[in-house]
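Engineer: Got a predicted structure here, sequence first:
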Amino acid sequence: MKKLQHKPIVGCMRWGAWGENFTTGQYEKIIDQCLAIGLNVFDHADIYGHYTTEADFGHALKDNSRLRSQIKIITKCGINMLTPNRPHHAIKSYDTSAAHITKSVEQSLTNFHTDYIDTLLIHRPDILINVEEVAATMTTLKNAGKIKSFGVSNFTTSQVALLNKYIAVEHHQVEISVNNLNAFDNGVLDQCQLENIEAQSWSPMGNGIFTEKTEQHTRILSAAESLAKTYQCNINQVLLAFLYAHPSQIVPVIGTTKFERIQEAIKAMEIELTREDFYKLWTASTGKEVA
């Protein structure tokens, strides 16, 4: 029998100004729909919607302790984005200083109308990162009850190892999909298993796979379509099943505004690809058979 997988994370990047511009009522509705099917982890970043989506989501939580107690919030910090909402930013840059992280967390707490963040991720690897300073800051925030767990996003294995020397990295969110295989063979997923780090996949069904016509995408979609018939499911579910086949128990972040697509992601957990079918998709992606 297939080993139980972690349920998908619900990605909120496109729920606000960068996508559907949900009203507070629409936020409340889709959050309740997700909870009804057992999905309670919602992924954010401070920069989403040019620094507005956290607060938009937070309106649905305001004065609603019942809802806040039922969900878990992931958010990220560390990017200074060029936007009219931050006129003091002269250039897009990264900042993992204690002052920036602390200020970002305080702002996120205000945005979400909460006194704690379930998971805080460093969004991008800052070239000037001082890992001891980051570790001390995260420890202070944890001890104060303002964050529950800590992780990173888009880091290399050496960067994670360096941080892990000073503080436990509990999550790593990185692009992983059938058309971005890097994490499978650059050590990221190996490290996640070795160090008991939760592997989270953003863009899990393939960035641009349905919108950009390339030879690689054509091969992948052809193979996925054939497998969809075999497993009596749709192509998106096959692409997610590809990730679920890996023993690191990759957790996909489903970044859609359509609840029906979120439901499909749950059903993909029931699909158990054979090894040969996994390698059919792998070969379609690389364009060559394995060595």
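Structural biologist: In hand now; what should we look at?

Engineer: pLDDT weak spots in the chain?
Structural biologist: Along the chain, segments meeting pLDDT under 70 span 1-5.

Engineer: Show me the strands in it, by range?
Structural biologist: With DSSP state E as the criterion, the chain has strands at 9-11, 41-43, 72-77, 79-80, 93-94, 117-122, 147-153, 171-175, 198-202, 251-254.

Engineer: Adding mean neighbour count and distance to K213, write those strands out as CSV.
Structural biologist: Backbone N, C-alpha and C define where each C-beta goes, glycine included. Converted to CSV, those look like this (neighbours: other Cβ atoms under 10 Å; distance: least, Cβ to Cβ, whole Å):
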stretch, mean neighbour count, distance to K213
strand 9-11, 26, 25
strand 41-43, 23, 29
strand 72-77, 23, 31
strand 79-80, 18, 31
strand 93-94, 16, 34
strand 117-122, 24, 33
strand 147-153, 21, 29
strand 171-175, 22, 20
strand 198-202, 23, 23
strand 251-254, 24, 24
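
Engineer: Show me the longest helix that occurs in the chain.
Structural biologist: Counting residues, the longest helix in the chain under DSSP state H turns out to be helix 215-231.

Engineer: Tell me the buried residues in that helix?
Structural biologist: Neighbour-count burial for helix 215-231 flags Q216, H217, R219, I220, L221, A223, A224, L227, A228, Y231 (criterion: 16 or more other Cβ atoms under 10 Å).

Engineer: E276 versus the first one, what's the distance?
Structural biologist: With distances taken as Cβ to Cβ, to the nearest Å, Q216 is found 20 Å from E276.

Engineer: burial measure for the closest residue to N164 other than its chain neighbours, as a count.
Structural biologist: Sequence neighbours aside, E195 is the residue nearest to N164 in space, at 6.2 Å (criterion: Cβ to Cβ, 6 or more residues apart in numbering). By the measure other Cβ atoms under 10 Å, the count of residues near E195 is 15.

Engineer: measure E195 to K165 for me?
Structural biologist: For E195 relative to K165 (Cβ to Cβ), the value is 11 Å.

Engineer: mind exporting the longest helix of the chain as PDB, just the C-alpha atoms?
Structural biologist: The C-alpha coordinates for helix 215-231 follow below in PDB (Å, rounded to 0.1, in the frame of the first residue of the first chain):
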ATOM      1  CA  GLU A 215       9.900  20.400 -27.400                       C
ATOM      2  CA  GLN A 216      10.300  19.400 -23.800                       C
ATOM      3  CA  HIS A 217       6.800  20.500 -22.800                       C
ATOM      4  CA  THR A 218       5.300  18.700 -25.900                       C
ATOM      5  CA  ARG A 219       7.100  15.500 -24.900                       C
ATOM      6  CA  ILE A 220       6.000  15.700 -21.300                       C
ATOM      7  CA  LEU A 221       2.300  16.500 -22.100                       C
ATOM      8  CA  SER A 222       2.200  13.600 -24.600                       C
ATOM      9  CA  ALA A 223       3.500  11.200 -22.000                       C
ATOM     10  CA  ALA A 224       1.300  12.600 -19.200                       C
ATOM     11  CA  GLU A 225      -1.800  12.300 -21.500                       C
ATOM     12  CA  SER A 226      -1.100   8.700 -22.100                       C
ATOM     13  CA  LEU A 227      -0.600   8.000 -18.400                       C
ATOM     14  CA  ALA A 228      -3.800   9.900 -17.600                       C
ATOM     15  CA  LYS A 229      -5.700   7.400 -19.600                       C
ATOM     16  CA  THR A 230      -4.000   4.500 -17.900                       C
ATOM     17  CA  TYR A 231      -4.700   5.800 -14.400                       C
END
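
Engineer: What residues sit buried inside stretch 23-36?
Structural biologist: For stretch 23-36, by 16+ other Cβ under 10 Å, it's Y27, E28, I30, I31, C34.

Engineer: Noted, bye for now.
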